[in-house]
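Colleague: Got a predicted structure here, sequence first:
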Amino acid sequence: MYHKGRRILHVDLDAFFVSVEQALNPVLREKPVIVGGEPGSRGVVASASYEARAYGIYAGMPLKAAQRLCPGAIFLKGSFHRYRAASSRFMAILAEFTPQLEPAGIDEAYLDLTGFEPLYGATLETALLLQQRIKSEIGITASVGIASSKLVAKVASNLAKPDGLLEVQPEEERLFLAPLPIASLPCVGPKTERALKGMGIITVGQLASVPASILKDNFGALGQVIYRYAMGIDQRGIEPPQAAKSISRETTFIEDTLDMPFLKAVLHYLSERVGTELRRGGRRARCVTLKLKYADFDSITRNRTLRESTNSDEAIFDVGIKLLEGALSQRRQLVRLIGIGVSSLIGDERQLSLLNSSMERWERLDRVIDRIRSRYGFTAIQRGQTLPLKEVFPTENGDYMLKTPSLSH
């Protein structure tokens with residue numbers, strides 16, 4: 001049922017975006033603060049302080065609804081570079097304790113501390129030290145769950161929020177899960193929760209008593225996962241970060257649009273961000289993918305495999321714009337979200353002499369622009385296609401601040 005002797009920690013930063021803002025501006029502490037955008041905009045809540053959550057506000061709620069629930073809340077548009085910097089410091093602290101570290105997002109991670117007791121003492125003591133380090137060095141709090149599996153550790157950290165610590169002993173894990181609501185399991189989303197409640201299943205203990213065959217018949221492969229988790233069985237190991245298999249950037253618009261010059265400008269900007277990331281990592285891509293979400297929330301993706309690998313902004317954009325024009329010719333509807341990504345990544349070992357002359361010129365130009373932007377910021381030098389964005393998006397630290405509920409960058 002459990003991994004005897006294994007000690008897994010799930011460390012989760014509390015109300016991360018808001019906590020970073022409060023650490024930088026103490027005036028915001030102990031106040032209802034919402035990160036996601038201006039209260040009258042169409043975006044959604046990205047993060048809410050616990051004072052705001054007391055009004056029923058939660059991540060993903062439309063900002064307009066949040067304003068109705070708490071008119072006195074302080075709304076912030078957010079600053080992703082600040083959150084990324086805090087996340088880097090967070091992960092660096094965790095990495096000092098064990099190489100067995102698996103980031104699970106910008107604000108949470110799993111650690112395997114099995115066998116580290118001779119170095120740090122009891123796992124509980126190490127968890128307390130981690131919390132103290134995070135609070136003193138970053139200025140924000142973290143909640144920690146300790147168990148013999150990733151599943152139970154994550155459930156425990158959620159129950160410990162905010163700024164808490166909960167350790168579940170291996171022989172007690174199934175009993176710990178049994179009285180909890182089924183939504184406590186990470187694999188049970190709103191749709192699955194409704195279906196299970198329709199079957200009369202409310203708690204994890206009730207779920208564990210249902211034959212695995214019934215859950216498989218009703219939920220397919222997910223049913224098998226649900227059954228194992230309900231029994232407290234989770235054999236997943238810690239998976240340290242691997243090299244990215246794809247790179248993408250996307251943004252959601254405040255207003256749905258079919259303004260082609262604007263769509264092209266945004267697509268070019270996102271293509272430049274993807275190209276920059278490729279070059280920074282010394283990589284090239286063989287496949288370009290366009291993502292669109294229409295006003296009715298229907299999403300599509302279109303992709304194209306390239307003859308030659310590339311990390312050129314213009315090459316990525318050229319494919320993306322063709323995919324965009326093709327998609328809109330088939331369905332000309334207002335666009336809510338646009339994104340561009342690359343995959344089938346390889347190293348940057350190719351010789352430039354193998355490139356055609358125009359591609360070689362573009363790649364030389366990209367490298368020059370990269371050097372200028374690394375010193376003065378993205379907006380210090382721009383191509384003509386992105387200039388219209390100056391009239392639409394504000395800038396911060398030399399970069400555009402896209403008004404997107406997901407804070408995509």
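Modeller: Alright, I've got the coordinates.
Colleague: drop to CA atoms for contacts and neighbour counts, all remaining ones
Modeller: Fine.
Colleague: Can you tell me the centre-most residue of this structure?
Modeller: Nearest to the mean C-alpha position of the chain, by Cα atoms, centre = their mean, lies residue 105 at 5.3 Å.
Colleague: Give me the pLDDT value at that one.
Modeller: At residue 105, the model reports a pLDDT of 84.
Colleague: now it: how far from residue 169?
Modeller: For residue 105, the distance to residue 169 (Cα to Cα, to the nearest Å) stands at 26 Å.
Colleague: This protein: strands as residue ranges?
Modeller: Here the chain has its strands, by DSSP state E, at 8-13, 33-35, 47-48, 74-76, 101-105, 108-112, 142-147, 165-167, 246-257, 283-294, 299-310, 335-347, 395-396, 399-400.
Colleague: which stretch among those strands comes nearest residue 274?
Modeller: strand 246-257 (6.1 Å; Cα to Cα).
Colleague: And that closest one, what's buried?
Modeller: 247, 248, 249, 250, 251, 252, 253, 256, 257 (16 or more other Cα atoms under 10 Å).
Colleague: Next: stretch 199-215.
Modeller: 201, 202, 203, 204, 205, 206, 207, 208, 212, 215.
Colleague: what sits against residue 141?
Modeller: Residue 141 makes contact with 13, 14, 19, 131, 134, 135, 162, 163 under the criterion Cα atoms under 8 Å, 6 or more residues apart in numbering.
Colleague: got the contact list for residue 300?
Modeller: So residue 300 contacts 291, 292, 293 (Cα under 8 Å, 6+ apart).
Colleague: Please produce CSV containing these, extended by distance to residue 222, neighbour count and pLDDT.
Modeller: Output for the contacts of residue 300, formatted as CSV (distance: Cα to Cα, whole Å; neighbours: other Cα atoms under 10 Å; pLDDT from 0 to 100):
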residue, distance to residue 222, neighbour count, pLDDT
291, 26, 21, 95
292, 28, 23, 94
293, 26, 19, 89
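Colleague: and of the residues you listed, the nearest to residue 177?
Modeller: Comparing these against residue 177 with Cα to Cα places residue 293 closest, at 37.9 Å.
Colleague: For that closest one, which non-adjacent residue is spatially closest?
Modeller: In space, and not counting its chain neighbours, residue 293 is closest to residue 299: 4.2 Å by Cα to Cα, 6 or more residues apart in numbering.
Colleague: OK, contacts around that neighbour?
Modeller: By Cα under 8 Å, 6+ apart, the contact set of residue 299 is 291, 292, 293.
Colleague: looking at the sheet around the second one, what are its partners?
Modeller: Read it as residue 292. With DSSP bridges applied, residue 292 shows beta-bridge pairing to residue 300, residue 338.
Colleague: That one and residue 337 touch, don't they?
Modeller: Yes. Using Cα atoms under 8 Å, residue 292 is in contact with residue 337, at 5.6 Å.
Colleague: Okay, now the unreliable bits of the stretch 1-150 of the chain?
Modeller: 1-4, 42 (pLDDT under 70).
Colleague: Which residue ranges make up the domains of the protein?
Modeller: 8-13+86-171, 16-80, 178-230, 246-400 (automatic domain parsing).
Colleague: Would you format those as TSV with distance to residue 238 included?
Modeller: Formatted as TSV, those follow (distance: least, Cα to Cα, whole Å):
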stretch	distance to residue 238
domain 8-13+86-171	6
domain 16-80	23
domain 178-230	16
domain 246-400	21
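Colleague: Among those domains, which comes closest to residue 237?
Modeller: The closest of these to residue 237 is domain 8-13+86-171. By Cα to Cα, the value is 7.8 Å.
Colleague: Quickly name whichever of the buried residues of strand 246-257 is closest to residue 121.
Modeller: Nearest to residue 121 among those, with distances taken as Cα to Cα, is residue 247, at 40.0 Å.
Colleague: Dig out what the closest one forms beta bridges with.
Modeller: When assigned by DSSP bridges, residue 247 has beta-bridge partners residue 342.
Colleague: For it, which residues are in contact?
Modeller: Residue 247 makes contacts with 274, 277, 278, 341, 342, 343, as judged by Cα under 8 Å, 6+ apart.
Colleague: Farthest pair within the residues you listed?
Modeller: Farthest-apart pair in these is 277 and 343; separation 12.4 Å (Cα to Cα).
Colleague: okay, the residue nearest to residue 293: pLDDT?
Modeller: Taking residue 299 on its own, its pLDDT is 85.
Colleague: How about the one 4 residues further on?
Modeller: Note for residue 303: predicted pLDDT of 94.
Colleague: picking that back up, make CSV out of the strands of the chain and add distance to residue 368.
Modeller: Converted to CSV, those look like this (distance: least, Cα to Cα, whole Å):
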stretch, distance to residue 368
strand 8-13, 38
strand 33-35, 36
strand 47-48, 38
strand 74-76, 35
strand 101-105, 32
strand 108-112, 36
strand 142-147, 41
strand 165-167, 49
strand 246-257, 21
strand 283-294, 17
strand 299-310, 17
strand 335-347, 20
strand 395-396, 22
strand 399-400, 18
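Colleague: Please name whichever of these is nearest to residue 157.
Modeller: Of all the strands of the chain, it is strand 142-147 that lies closest to residue 157, at 4.0 Å by Cα to Cα.
Colleague: Just the C-alpha atoms of the closest one, please, in PDB.
Modeller: Extracted C-alpha coordinates of strand 142-147, given in PDB (Å, rounded to 0.1, in the frame of the first residue of the first chain):
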ATOM      1  CA  ALA A 142       5.000  27.800   2.300                       C
ATOM      2  CA  SER A 143       2.900  24.800   3.300                       C
ATOM      3  CA  VAL A 144       4.400  21.400   3.500                       C
ATOM      4  CA  GLY A 145       3.000  17.900   3.400                       C
ATOM      5  CA  ILE A 146       5.100  14.800   4.300                       C
ATOM      6  CA  ALA A 147       4.200  11.300   3.400                       C
END
